[in-house]
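Novice: coords below, sequence missing:
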Ligand code: GDP
Ligand code: MG
């Protein structure tokens, strides 16, 4: 039987994992291995993907991927409960006694002035960010990993000046599956941190330890932070910490990142092992008796064969051996084996496969899980079913239920939009505007008094205060939007949204996760682009960013409102709705084109964890808001400031650099004049319209006000026909996003893409306006 055929509630055992390459490796790394038990929790409301339970956690898989996995039904009678001896909980291990379960520090500490670098490695949702924020407080720096737009956070541990800790993207294994996993793996291999802090979600310990097993192979000093201990003990579970340390050969420290307990202890151990370079005791978890010792012999044969190559390549030998057995091409290349050795490796691995009766990747994954089962059996007393898990199930009955999921999603998003754009955002915006106005008044008064010349006054009032002010007015909306988003993300809801929406989004070549940035795009493109950071693949992120500008943002609403009610009063609501729909249709068309051309690769497979719902930590949320605001402000005062001043300059001066009275004489008007012939076929060949549209590049809100000003007597309505109005509407819908949005795109995708977006959107808008003109016959 195939996995996609199982019924709800049915419990089956995996017999074979098909598929190939990186995807298959990912299955295995997530614990989908032969022998594992798996059951269907539910199907998504649209019938695809499926939510499965395996190793005590929830996993989503598309039907087409589940089809590659063969399973067998477990007869009811075999399901029996093993009784476990209860071990007493040991919150404070005997680890202060240095070197009890791992080698004693050599007595040769690293010099005091050497910076102790730490890598924080762990699964997604294991609490890395929470712990990182606890460890560093506000001493952190957000940047990008070189070459990729994946957030990189560095920080100094509070109270320990000579330390630097890096929060790596969440990963499930050391096989490079997504670009994030590459980043994390390369960091550990190439940047050689002095020690690793491996954070493990104790409520989901089997799958989390899988990464731990691979990290141990790196032979870098390491501590394991067992996080979420509060949930574990709160439900009557416990962990025999001392025994676990003994079995893993590294310090294990139970903590609760969110309650800040155990964190100090973690820090002192981490610093100690880094200072004294205490490496893990073992990296050898292959049992020489299990399954005839086939895997053990295979791995060690390869280890001996490649020892010298690994040393030369600077790779830990056990890690290198495991990876080339798994068929990791990158590691194989960096080892530089000669033909003979490559063939020998292949022979050894073939022999191992034959003796074990499993293919190489599955055999390796199984070997690791074997050890993990043993560790868990001996050390972990699991609670029957945690309250948090039961609660999650109940919440999910509503939020991912067959008939309730989509209505609830619409309701929640509507609420977020209402609060952001109607209630909290405007309130904060008014506050900010009042502040800026007051500042402007006093600045102007000051300059008046000091007799500053009129040009400079105009620059400050119209250029800086008006321009940057109008962009700054986005800030409250961005902050509010991100407040809600981070609450949804941290609580675990966004993962559910992806689960529910995946089938729809797949049709246009994206995965479920892209729905959120696109929806935010209806509010404002800037936070939408910024929020694509949560997307797991670079391809999806890029494609989503390029599509968000088609979701008509709220700043365009004044344009729609003005022209629709002036020219199409009877059907104005229809016109506005039609514009929104047109935007969406264009987005879908573009997505289909992208799918066929630029991004013809596969959408990422949807193998994703659905974590328990958890209360978001206040500190995380605050930190995120601060990061996003800082990011936006930095841009507001660099690229956006320059753009504003440039437009102010063009608007205020003529070619002889005299201040102009008549707007027609300004450089901007002349430039607009150059564009007039281009815009003429599209029916928008009036310099005043063109000028207004250029000003709209700064902020879409200003299109109408500029037009009103330029058309002077009689106003816009008297001067243009309804066909032209229709053209303006369609053009405004589709043409380049505003400068703030372009700056956000540039930050995510680089300059080339930002320029591409501007030009491409303008071209599309031009064609659309041309079509409108042909239809209306104007
Ligand atoms: P990351 O994906 O690894 O960065 O994980 P986060 O730090 O974002 O944490 C995921 C979720 O777990 C958040 O909702 C946190 O509030 C929550 N969380 C983190 N640490 C703990 C903990 O020690 N106990 C409990 N109960 N929840 C935690
Ligand atoms: Mg995080």
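Specialist: That came through fine. These numbers come from a predicted model, not from an experiment. Ligands and ions are numbered 1, 2, ... in the order given.
Novice: how far away is residue 579 from residue 636?
Specialist: 28 Å (Cβ to Cβ, to the nearest Å). Quick note: C-beta positions are derived from backbone N, CA and C, even for glycine.
Novice: got any ranges where this structure has weak pLDDT?
Specialist: Segments of the chain classed as low confidence (criterion: pLDDT under 70) are 76-107, 143-150, 178-180, 467, 470-471, 601-604, 712-714, 778.
Novice: flag every residue of it that's near ligand 1.
Specialist: 122, 124-130, 170, 227-228, 230-231, 256-258, 490, 614, 616-617, 620 (Cβ under 6 Å from any ligand atom).
Novice: mind checking which of the residues you listed are in strands?
Specialist: 122, 227 (DSSP state E).
Novice: report the buried members of the residues of the chain next to ligand 1.
Specialist: 122, 124-130, 170, 227-228, 230-231, 256-258, 490, 614, 616-617, 620 (16 or more other Cβ atoms under 10 Å).
Novice: which of the residues you listed fall within helices?
Specialist: The members of those that map onto helices under DSSP state H are 128, 129, 130, 230, 231, 490, 620.
Novice: closest to residue 728 among those?
Specialist: residue 490 (42.1 Å; Cβ to Cβ).
Novice: which residue, other than its chain neighbours, is closest to the closest one?
Specialist: Of all residues not flanking residue 490 in the chain, residue 616 sits nearest, at 3.5 Å (Cβ to Cβ, 6 or more residues apart in numbering).
Novice: check contacts around the one you found.
Specialist: Residues counted as contacts of residue 616 (Cβ atoms under 8 Å, 6 or more residues apart in numbering) are 486, 487, 490, 491.
Novice: mind doing that once more with 6 Å?
Specialist: Applying Cβ atoms under 6 Å, 6 or more residues apart in numbering, we find residue 616 in contact with 487, 490, 491.
Novice: for residue 323, same thing?
Specialist: residue 331.
Novice: how close does it sit to residue 214?
Specialist: For residue 323, the distance to residue 214 - Cβ to Cβ - is 9 Å.
Novice: likewise residue 113?
Specialist: Taken as Cβ to Cβ, the span from residue 113 to residue 214 is 32 Å.
Novice: ok, the two, which is more surrounded?
Specialist: residue 214 (27 against 6; other Cβ atoms under 10 Å).
Novice: in contact with the more buried one: list those residues for me.
Specialist: By Cβ under 6 Å, 6+ apart, the neighbours of residue 214 are residue 174.
Novice: and residue 273, by the same measure?
Specialist: Here residue 273 is in contact with 195, 221 (Cβ under 6 Å, 6+ apart).
Novice: which residues in the stretch 451-600 of the chain form helices?
Specialist: 454-458, 469-472, 474-491, 493-506, 515-523, 525-531, 538-547, 557-567, 572-596 (DSSP state H, counting those that start in this stretch).
Novice: relative to residue 351, which of those helices is closest?
Specialist: helix 538-547 (38.4 Å).
Novice: so is residue 118 in a helix, a strand, or just coil?
Specialist: With DSSP: H, G, I helix; E, B strand; the rest coil as the basis, residue 118 sits in strand.
Novice: so for residue 364, what's the nearest residue that isn't a sequence neighbour?
Specialist: Nearest to residue 364 is residue 326, by Cβ to Cβ, 6+ apart, at 5.5 Å.
Novice: and residue 118, how many neighbours?
Specialist: Neighbour tally, residue 118, other Cβ under 10 Å: 25.
Novice: so what's it bridging to?
Specialist: residue 165, residue 195 (DSSP bridges).
Novice: any idea how far residue 156 is from it?
Specialist: 10 Å.
Novice: what of residue 639?
Specialist: Distance of residue 639 to residue 156, computed by Cβ to Cβ: 30 Å.
Novice: looking at the stretch 301-450 of the chain, which residue is nearest ligand 1?
Specialist: Shortest the stretch 301-450 of the chain-to-ligand 1 distance, computed as Cβ to the nearest ligand atom: residue-wise this is residue 388, at 7.3 Å.
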